[in-house]
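Asker: The sequence and its predicted three-dimensional model are supplied below.
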Amino acid sequence: MRNSRAILIIGAALLLALGAVVMAAKWMGEQGPSGSQVVVAIANINQGSRLAPTSLQLAEWPATSVPPGAITDLKALEGRIARAEILVGEPILESKLAPKGTLGGLSSVVSAGKRAMTVRVNDVVGVAGFALPGNYVDILVNMQATGSDLSGAGSGAISKIVLERILVLAVAQESTVDDSKPRVVNAVTLELAPDQVEKLDLARSIGELSLVLRNQVDPQPAATAGATRESVLGLPERSAAQPVAAPDFEPAPRAAAPVRQNAAPRTDGVLVIRGLDAASQSF
């Protein structure tokens, strides 16, 4: 009797232990990789470069955290161009790839509907080399006064932000540089909408351009009226047609011209003298 009770207790313990093992295995399976595979980069891939098979591999990825647009087939990436820089261990996303059929280079980086335009800069205009690919800048134009003298006569000078949050595509001939090291260059390529290209082309012909580095995640517009000579020096704004001030004195009235009286018509006659009196007598 005692032996049968002991065997029953041992059997129940074994069943409970087996159940615990099954539950633990199931829990560990849920915590571990679920078998989903995505393509990740095993080397840094520069912007505008073609994806090489040696830079890619399939890696296990939890099914609950697979990013949208992740690529799961290595063959689907043949001939594709990276539109943005991809770092080691980062999954390859469709949003970071140029459209199929793109041949590479800077043209593959330009967004649909946008244009790439290059402007000349120097160490001051180019924000001392801190305007790097991937940064956003505002474009400032400084238009000097024309025909003005020391008193400020003539059309006034103005400094105004004409374009905001413009993406820097490349500096000089490079679209990828080390973000931690500023680089002074003589040209910067910007990504612009067609109407912005026209504004920038006109702005550089009527004044001097400057780039203003802005926060990467700040979308707020500046909404400024521009700086003029009067606003900087605190002077009253000069109107377009300023009236002439009236004089402080009253001008002397002009003397009226004397009116000539018509002379009496001349008639023929003789002067008659009678003693001390003389008189003219007409006939």
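Answerer: Looks like it came in fine.

Asker: wait, isn't I92 in contact with L77?
Answerer: Yes: counting by Cβ atoms under 8 Å, L77 is a contact partner of I92 at 6.5 Å. (Glycine included, C-beta is placed from N, CA and C.)

Asker: quick one: which of those two has more around it?
Answerer: Taking other Cβ atoms under 10 Å, I92 and L77 do not tie; I92 has more neighbours (25 against 18).

Asker: ok, the more buried one - contacts?
Answerer: Counting by Cβ atoms under 8 Å, 6 or more residues apart in numbering, I92 touches 38-41, 51, 56, 70-71, 77, 86.

Asker: thinking again about what came up before, residues shared between the contacts of I92 and L77?
Answerer: Joint contacts of I92 and L77 (Cβ under 8 Å, 6+ apart) are 39, 51, 56, 71.

Asker: Which of the three states applies to the residue nearest to the third one when sequence neighbours are not counted?
Answerer: Once flanking residues are discounted, L56 sits nearest to V39: 5.4 Å by Cβ to Cβ, 6 or more residues apart in numbering. Secondary structure for V39, judged by DSSP: H, G, I helix; E, B strand; the rest coil, is strand.

Asker: who's in contact with V39?
Answerer: Neighbour list for V39: 56-59, 70-74, 77, 91-92 [criterion: Cβ under 8 Å, 6+ apart].

Asker: Now do it, the pLDDT please.
Answerer: What the model reports for V39 is a pLDDT of 93.

Asker: swap in the one 5 residues further on?
Answerer: Turning to N44, the model gives it a pLDDT of 90.

Asker: cool, and E164?
Answerer: Looking at E164, its pLDDT reads 92.

Asker: so of the contacts of V39, which ones are in strands?
Answerer: Of the contacts of V39, the ones assigned to strands by DSSP state E are 56-59.
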